[in-house]
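K.L.:
no FASTA, just this:
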């Protein structure tokens, strides 16, 4: 079966609307890629090492892909996923790739399937659907390409037109790789670190105590000093800003913000360190720290992004063997209106404070996020995230938020990916979908064509620069 | 850039479906407007005073409009919003209007933008998009129109074809303005008061004690007499009915109904008055009073409307300075099935009792409201409200409720607006959207064309008259 | 007004997409019907008794139909619904039918209306919309048909092409009717029982104590023996499996699973029997029994289906007079991620354990069910159920689940009906809707046409056989 990329893919069915979408897309399809939040390893571009093989590239690190095969009964071992803490190379990459090709039918209609199809066709010139029969041939074809100069990470970065690429980093990271990239005259892109302090803020997170100790050691303060802890966090943010960071990212189960005074916070901090805090006290302290992070963002200008509502590592046996990011993070109901209120009461009307809200519970789009972003100068609507970063979900997102908050309260597209090769397919998808959405509004007489043309460009270019202060 | 109203606006893209929609719309586009719930000031029609200027007319009182500029960093002061309790005229209306025109791009794709476009084009003959360059010219054009006889409120009411207009009123309102309108032979419309007793029922509401005292004073009973309080409320409802009221409206955070006997209710009432009731007790008392209001509706025939699920005045600093209705009322999750059950157990099967349910959490449409309305003779599905009163949200509403409850359990369109000039645009939007929805069902072979033609008329004419007993 | 079945009904409006849908549908429209979960009475096929009259056939037992007339003010008595426990024939069937015809307008746009239209036209050759004028004529026409051999249940089963039909049965049912059908050489279909033990598992269910006693009596163990109770349940499952059962069905308010050890469970069991268990303890015990049922499914291979989230018998006065299934079961918010976790931790990665999740709160589709089914080998996405088994809701379902979990984690269509005559219309609806959904993906360049053709067949044929182990 052939693999053919329709040049009109994702555009509306109606021919008149499709024509409009085609025109809107043409105006943005070649604009540079701005990727203000994602999970690419900066070392990839520092070392510019070739990708090893199709299994490492497409399967091992992409839990969007491995999970569907797991659901079909393939074990993660068979897919070359390393045991927890392990880092061995995939020992039988060709077999892993074959397994994937045999299961290619699972991906029809999925977001991953869409991106993979685009990548196979555009980057590797593949024109047949993967399957048991052609698995080896495709493997060889991709492998051969990966060994060429044109497929080295930096060459691909240029080819993709990536202007800005943000990574996600541990607060204690020395950011040496970012520094090397910034100083390397042969590398022209901007690779920015992102401050991601979850495991430094929430006493219930794995490694919190250890992380508090690392902060104390680095700053020279006593481990048990709440003031020292706060100052060290602020200083680490400063270190990130010196290395180009524009945002701090916060992954929380629920976006709870709690306003404590310093003595209350300090007491909870000590109880948490002493191991005597209750689960509820830890939650309150974490909520306080979310508010503190907002306060620091008001001070130092880092954009605050909040990714809320995911139950991580749902299947403990898999987590125990294989660790995090192995396909069983599951969304749950999310609420912003009450939990986030103390934060918004204090900082929501500061226009220089940018707070970008992401959720995987799509009921909050029309009910909470759009109404909040339609009033608070600080609040921006995060792009559809994770499971919702898919064609139909994106159309639901735009329909659910635009009528309340318009186009100018949204973040622009965020790929949020560790799959480097999928970046152009993801941004292209977003541009096509926004063109399709706008084309419908034009066809329905709701937005003038000239207005739609301006919005299409603003969503790709103006908004991410503005929201992420680029 | 031109502002052009497409005669086919909001109709489906597919030409065959569009043709059907056009025909359905033609049959209803000129029918009189029935507006059984809204917030227009009756004094507007009593005094027939000309509108003062574009800033007062379009911005100052319309928090749908001001909130998006606030989100873009414009302070409410700059928009002429008066401080809490204040009532001064906008001092620099031309500057406010200019600010609005400069921010016109924010409204693309929003419901407010759609209504404003319609109003500008239809009422004022404006054919260019507002912007910094033409702000003064547009101001002058609108201002000149407002000074003519044709733009006086009564003339507009006639021009709009408003047959019935319900206002929303305090239970102690003497309704003198409604009486004047009813007695005025020069005024041919019907302007009906609506009984809105929230702050008389919920001890946690601002002014509750004061309102209870006003009721007692008016009725001559003791302030602390629960029986006197209940009787006075019933008597005030009677006063409203004498002045043409057909409904009583209830705004609640959660639609909790509690069935207490008189001694329990009386005890809670006294504790609330004495200031010793807990927050939970106040909530229970308010839930009891919601049930009491249903009981009174069964007795006196007033249609009971419930608007549930909005966290009012989310940003306290703005509320403190500017008061209510300033753009930061935010929807929250809403539940009807369990909370409302005691009320439905008692009165849900009384066909003469009409209970119309409104929500801004759209998950309840298919999950709760449509199934309830599909069984209980008393329950009607309220039209999409507030943030959901917008083209795509209305289509989601119809799709979410019709398959379960059909067309004949829904209230018909409700504009719920204080923006008098937007009334025809809102009703026209609704008629177009219902035509579009029905056209799709016809095109998909689900509803016969003749049936769709009947339904289109019934939604505009039969249903609001029936549901609101007009 | 004519009743005309459009051969293109439910297909997309756009002509090019419609063409694709037509082709996809043609490939599946004649495939046999597999109905792995439903509520048809097996006695219908054992005795092959003619249907009595249109009122018994279409109204009395179909609470989807009677509820909308009830909402319009018609009492259940007038519709011939028997009082609780009663079983008398409808005394005035022609009058009931007339009432229905007079209220036919209520069903426009509803799922029931769609199925009825199909049944009237296809089975009875009716070409006019029911109404007051033609009620008697239609009654006579249907009545005459029902008296022919061609309308006997077995003849209809053949005509419908029903290959497999699962019923829903009490665990103590002797399954004699299923046995008779299996042994009857004149009957060629497969009619399978389904184990439905809710009222044997949940101490709060009506009749639980009685059912526990029946189990004990049958198995010869002591009523108060927890071990005997568990063994008896396992033995009854064995009895069902011997009679062809492939699944056990569980109706729960919330899908809570609790992992107790035997001594804890036994203690709760005794407290429940003794009437001293709290409501919470009963809930915990029921949660434990859900986990036990999963354990048994792992052992004996019965597919486990869970139908969650319905508040049964919402209107107590109606329940008291008329009993269950009388139109006032109302959906409520449903959560799977945390409540079901203990079950998935234990058994979620067993590929031979099949767990099919159904919900009537459609927010769980994209948020919970699809992500769970996209990882756990045991979890399958149940088809849209009850109120959501309708054209637009089905499209929302596919759009909400496919991008995350693809097509191969879904159960295939489940009619879940007691209305025997509606079975072909329901399956035909599903096939049309999946053709329409796939056609859109093809037209949007997301799925190749050849892939869509394979998926269309797999959804009708491969998936139900696989998921239900047929």
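P.N.:
Ah, there it is. Given the structure is predicted, the values throughout are model-derived calculations rather than measurements.
K.L.:
which residues touch the residue nearest to residue A:134 when sequence neighbours are not counted?
P.N.:
In space, and not counting its chain neighbours, residue A:134 is closest to residue A:128: 5.8 Å by Cβ to Cβ, 6 or more residues apart in numbering or on different chains. Using the backbone N, CA and C atoms, a C-beta is placed for each residue, glycine as well. Residue A:128 is in contact with A:1, A:2, A:3, A:134, A:138, counting by Cβ atoms under 8 Å, 6 or more residues apart in numbering or on different chains.
K.L.:
among these, which ones are buried?
P.N.:
A:3, A:134, A:138 (16 or more other Cβ atoms under 10 Å in any protein chain shown).
K.L.:
Phi first, then psi, for residue A:19.
P.N.:
phi -60, psi -40 (degrees, to the nearest 10).
K.L.:
what about it, how many residues close to it?
P.N.:
15 (other Cβ atoms under 10 Å in any protein chain shown).
K.L.:
Check the stretch 251-400 of chain A for the residue nearest chain C and tell me.
P.N.:
residue A:390 (3.6 Å; Cβ to the nearest Cβ).
K.L.:
ok, back up a step: partners of the residue nearest to residue A:134 in the sheet?
P.N.:
residue A:2 (DSSP bridges).
K.L.:
Residue C:441 versus that one, what's the distance?
P.N.:
19 Å (Cβ to Cβ, to the nearest Å).
K.L.:
what ranges do the helices span in the stretch 201-350 of chain A?
P.N.:
Under the criterion DSSP state H, counting those that start in this stretch, the stretch 201-350 of chain A contains helices at A:208-219, A:226-242, A:262-274, A:279-300, A:316-322, A:341-347.
K.L.:
for these, which one sits closest to residue A:153?
P.N.:
Ranking the helices of the stretch 201-350 of chain A by proximity to residue A:153 (Cβ to Cβ) places helix A:226-242 first, at 22.8 Å.
K.L.:
pretty sure residue A:351 contacts residue B:73?
P.N.:
Yes: in this structure residue A:351 lies within contact range of residue B:73 using Cβ atoms under 8 Å: 4.2 Å.
K.L.:
Overlap in contacts, the two.
P.N.:
What both residue A:351 and residue B:73 touch, as defined by Cβ under 8 Å, 6+ apart, is the set residue A:377.
K.L.:
do the host helix or strand of residue A:429 and chain C meet?
P.N.:
For residue A:429, the host element (DSSP states H and E) is helix A:423-443. No: using Cβ under 8 Å from any Cβ of the partner chain, helix A:423-443 stays clear of chain C, coming no nearer than 8.6 Å.
K.L.:
chain center to that helix: distance?
P.N.:
Helix A:423-443 sits 19 Å away from the centroid of its parent chain (Cα atoms, centre = their mean, to the nearest Å).
K.L.:
contacting residues for residue A:427?
P.N.:
Residue A:427 touches A:33, A:35, A:413, A:415, counting by Cβ under 8 Å, 6+ apart.
K.L.:
quick one: which of those is nearest to residue B:461?
P.N.:
Within the contacts of residue A:427, proximity to residue B:461 (Cβ to Cβ) peaks at residue A:413, which comes in at 45.4 Å.
K.L.:
Report the contact partners of that closest one.
P.N.:
Counting by Cβ under 8 Å, 6+ apart, residue A:413 touches A:383, A:426, A:427, A:430, A:431, A:459, A:460, A:464.
K.L.:
Let me know the pLDDT of the last one.
P.N.:
By that I understand residue A:464. On pLDDT, residue A:464 comes in at 98.
K.L.:
Would it be right to say that it lies in a strand?
P.N.:
No: per DSSP: H, G, I helix; E, B strand; the rest coil, residue A:464 lies outside any strand segment and is helix.
K.L.:
Which single one of the contacts of residue A:128 is nearest to residue C:407?
P.N.:
Closest to residue C:407, out of all of the contacts of residue A:128 and judged by Cβ to Cβ, is residue A:1, at 15.9 Å.
K.L.:
Residue A:250 bridge partners, please.
P.N.:
Beta-bridge partners, per DSSP bridges, of residue A:250: residue A:306.
K.L.:
Look up how far chain C lies from it.
P.N.:
20 Å (Cβ to the nearest Cβ, to the nearest Å).
K.L.:
and whichever helix or strand comes after the helix holding residue A:429, what does it pack onto?
P.N.:
Going down the chain from helix A:423-443, the next helix or strand is helix A:449-457, by DSSP H and E. Helix A:449-457 sits against helix A:15-26, helix A:423-443, with contacts defined as 3 or more Cβ pairs under 8 Å, 6 or more residues apart in numbering or on different chains; DSSP states H and E.
K.L.:
Tell me which of the ones you listed is the most buried.
P.N.:
helix A:423-443 (a mean of 25; mean count of other Cβ atoms under 10 Å in any protein chain shown).
K.L.:
looking at it, residue A:456 is touching residue A:23, isn't it?
P.N.:
No: using Cβ under 8 Å, residue A:456 makes no contact with residue A:23, being 9.3 Å away.
K.L.:
Looking at the contacts of residue A:427, which one is closest to chain B?
P.N.:
Closest to chain B, out of all of the contacts of residue A:427 and judged by Cβ to the nearest Cβ, is residue A:413, at 17.0 Å.
K.L.:
Let me know the secondary structure of the closest one.
P.N.:
Residue A:413 is classified as coil under three-state DSSP.
K.L.:
Read off the pLDDT value for it.
P.N.:
With respect to pLDDT, residue A:413 scores 96.
K.L.:
So what does it look like in phi/psi?
P.N.:
Dihedral angles (degrees, to the nearest 10) for residue A:413: phi -70, psi 140.
K.L.:
measure it to residue A:430 for me?
P.N.:
4 Å.
K.L.:
before we move on, back to that, could I get the contacts of residue A:413 as a markdown table with distance to residue C:111?
P.N.:
Formatted as a markdown table, those follow (distance: Cβ to Cβ, whole Å):
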| residue | distance to residue C:111 |
| --- | --- |
| A:383 | 35 |
| A:426 | 37 |
| A:427 | 40 |
| A:430 | 35 |
| A:431 | 38 |
| A:459 | 38 |
| A:460 | 41 |
| A:464 | 43 |
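K.L.:
Let me know whether residue A:213 touches residue A:222 as I believe.
P.N.:
No: using Cβ under 8 Å, residue A:213 is not in contact with residue A:222; the gap is 10.5 Å.
K.L.:
pLDDT added to the contacts of residue A:128, as TSV?
P.N.:
Formatted as TSV, those follow (pLDDT from 0 to 100):
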residue	pLDDT
A:1	86
A:2	92
A:3	94
A:134	98
A:138	98
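K.L.:
and which of those is nearest to chain C?
P.N.:
residue A:1 (5.1 Å).
K.L.:
residues contacting the closest residue to that closest one other than its chain neighbours?
P.N.:
Residue nearest to residue A:1 in three dimensions, not counting chain neighbours: residue A:129, with 4.3 Å by Cβ to Cβ, 6+ apart. By Cβ under 8 Å, 6+ apart, residue A:129 lies in contact with A:1, A:2, A:3, A:104, C:448, C:451.
K.L.:
switch to 7 Å and redo it
P.N.:
With contact set as Cβ atoms under 7 Å, 6 or more residues apart in numbering or on different chains, residue A:129 has these partners: A:1, A:3, A:104, C:448.
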